[in-house]
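Asks: Task: produce atomic coordinates for the following.
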Amino acid sequence: MDKVTDIFTIQNGAITASGNSAVVDLSRGEYCQLDVYINVTAISGTPNNAIKLQMSNDGGTTWFDHPTVTFTAMTAVGQQVKLDSPVGGATHARLNYTVTGGTPSLTTKITAQVRTRG
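Replies: Reported below is the predicted structural model:
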C-alpha cells in the first residue's frame, strides 16, 4: 500500500491571469503517485479557466501535460480532486492555468500530496 510522504501547498490566493503554480520537487523521494486537491473559495468576474497538471523529467526545463489529469473549468465555489496520478520518471510537477473572461478572479487553495510505495 502506498503511503503519504509529503504535502505541498502549491497555490494559496487569487488566480487572476494565466500562468503556473509553484513547482513541486519530486526528485528528492521515491514518489510513485501524486494527488491534487483544488478548493475554490470565491469567484468574481466571469472567469473561464482550464487547469491542468504538467510534469517535467529534466529538472523543470521542459514541461509536458500529464496525459490523464485535466480539471474541469471552475465556475463556482467548490472542490475538485484528482487521485492516483502516476509520477513516472518526472522530477517536477506544477499546475498550468489558462484564465480568460471579464475581470476573472478565483480564490483558491491548491495542495498536492505525494505518496511512496510502502
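Asks: Any idea how far apart the tips of stretch 86-96 sit?
Replies: 18 Å (C-alpha to C-alpha, to the nearest Å).
Asks: ok, and what's touching it?
Replies: Identification of contacts with stretch 86-96 by C-beta atoms under 8 Å, 6 or more residues apart in numbering yields 10-11, 19-27, 31-34, 36, 51-60, 63, 65-66, 110, 112, 114. Quick note: C-beta positions are derived from backbone N, CA and C, even for glycine.
Asks: what's the answer for stretch 65-79, then?
Replies: Residues from elsewhere that reach stretch 65-79, judged by C-beta under 8 Å, 6+ apart: 36-43, 47-55, 80, 82, 85, 93, 96, 106, 108.
Asks: Tell me which residue is most central in the protein.
Replies: Here the mean C-alpha position of the chain is nearest to the C-alpha of residue 95 (C-alpha atoms, centre = their mean), at a distance of 3.8 Å.
Asks: What residues sit buried inside the host helix or strand of that residue?
Replies: Residue 95 belongs to strand 92-116 when elements are defined using DSSP states H and E. Taking 16 or more other C-beta atoms under 10 Å as the neighbour-count basis, strand 92-116 is seen to contain the buried residues 92-97, 99, 104-108, 110-115.
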